[in-house]
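Undergrad: With the input below, show me the fold.
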Amino acid sequence: MSNLTHDQHKLHHNTVISDDELIILLDCELETLRRAAQRQGMDFDPNRRKYTIGELRRFGLVREGYTRDEIRAHGFGIGPVTCHDTEAISAEQLLPVETPFGSGIKKWQLPFDMMPFRMMKTVFQPGTIVRPHVHPAASEEDPGGGLRIVTQGEILYDGKSYAPGDWFYIPNGMTYEFITSPDQVTVCFYKYGFFMWTEQNRFSHPHD
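TA: Presented below is the predicted three-dimensional model:
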């Protein structure tokens, strides 16, 4: 499919990340944009680095995290922090990441600095459907992938149930989908290794 579907655009716009937010792309993010543009058959300007989030979404880019400078700008990353602290609670609004393949999902980066390591918390409403999609392999030697650890509720993936304490890993390059418990909120922690994530890349370009 050469372009994001209408539904995907709609889901992107339903996130708390504003279309108008201005981004200056890092080198690795510029290469991510080039790859996304090539896949979509869209024009790419190698000399342009400033884009709004709305423009990046049209290329199919998805915000996956925040840089050290962005974390520090919000006052995070210095000293100990726990889930009971106010900064941990505020991170839900200040460090959101995008979820274009399912609706009603809240996902954000935890507010500590262990760069390049970044951990996300994801909250799914009952009966959430995550539609089939694939994350491009970072490279042939190291494709990367996503690890989910369930802490509340249930995820039904590939014919099996994943309850609190269970986990599953999906390498990039594989199409996958799942649904969550119809009766309760599901919570999991998510670690995603994608193209140049160790260089603080903030964007990937998954597709259906």
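
Undergrad: Let me see the ranges of the strands in this structure.
TA: For the chain, applying DSSP state E gives strands covering 22-24, 50-52, 62-63, 106-109, 120-124, 129-133, 145-152, 155-157, 160-162, 167-171, 176-180, 186-193, 203-204.

Undergrad: Spatially central residue in this protein, please.
TA: Nearest to the geometric centre of the chain sits E64, at 3.4 Å (C-alpha atoms, centre = their mean).

Undergrad: hang on, isn't that one packed against Y192?
TA: Yes: between E64 and Y192 a contact is recorded at 6.1 Å, counting by C-beta atoms under 8 Å. For the C-beta atoms, the positions are set from N, CA and C on the backbone; glycine is no exception.

Undergrad: Where does the prediction get shaky in the protein?
TA: Applying pLDDT under 70 to the chain flags the ranges 1-15.

Undergrad: just checking, what's the longest helix in it?
TA: The longest helix of the chain (DSSP state H) is helix 27-40.

Undergrad: Name the residues of that one that come out as buried.
TA: 28-33, 35-37, 39-40 (16 or more other C-beta atoms under 10 Å).

Undergrad: gap between Q152 and T122?
TA: 11 Å (C-beta to C-beta, to the nearest Å).

Undergrad: which residues do these two both contact?
TA: Contact with both Q152 and T122 is made by residues V187, according to C-beta atoms under 8 Å, 6 or more residues apart in numbering.

Undergrad: more crowded one of the two?
TA: When neighbours are counted by other C-beta atoms under 10 Å, Q152 and T122 differ, and T122 comes out ahead with 21 against 14.

Undergrad: For that one, which residues count as its bridge partners?
TA: Beta-bridge partners for T122, by DSSP bridges, are K107, C188.

Undergrad: got a list of what it touches?
TA: With C-beta under 8 Å, 6+ apart, T122 has these contacts: 99, 105-107, 148, 187-190.

Undergrad: Just the buried residues from the residues you listed, in PyMOL please.
TA: Buried members of the contacts of T122, defined by 16+ other C-beta under 10 Å, are picked up in PyMOL with:
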select buried, resi 99+105+106+107+148+187+188+190
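
Undergrad: circling back: dump the strands of the chain to a markdown table, plus distance to A73.
TA: A markdown table is the format used below for these (distance: least, C-beta to C-beta, whole Å):
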| stretch | distance to A73 |
| --- | --- |
| strand 22-24 | 14 |
| strand 50-52 | 18 |
| strand 62-63 | 16 |
| strand 106-109 | 13 |
| strand 120-124 | 19 |
| strand 129-133 | 31 |
| strand 145-152 | 27 |
| strand 155-157 | 33 |
| strand 160-162 | 35 |
| strand 167-171 | 32 |
| strand 176-180 | 33 |
| strand 186-193 | 22 |
| strand 203-204 | 18 |
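
Undergrad: Of all these, which one is nearest F76?
TA: Checking the strands of the chain against F76 by C-beta to C-beta gives strand 106-109 as the closest, at 9.1 Å.
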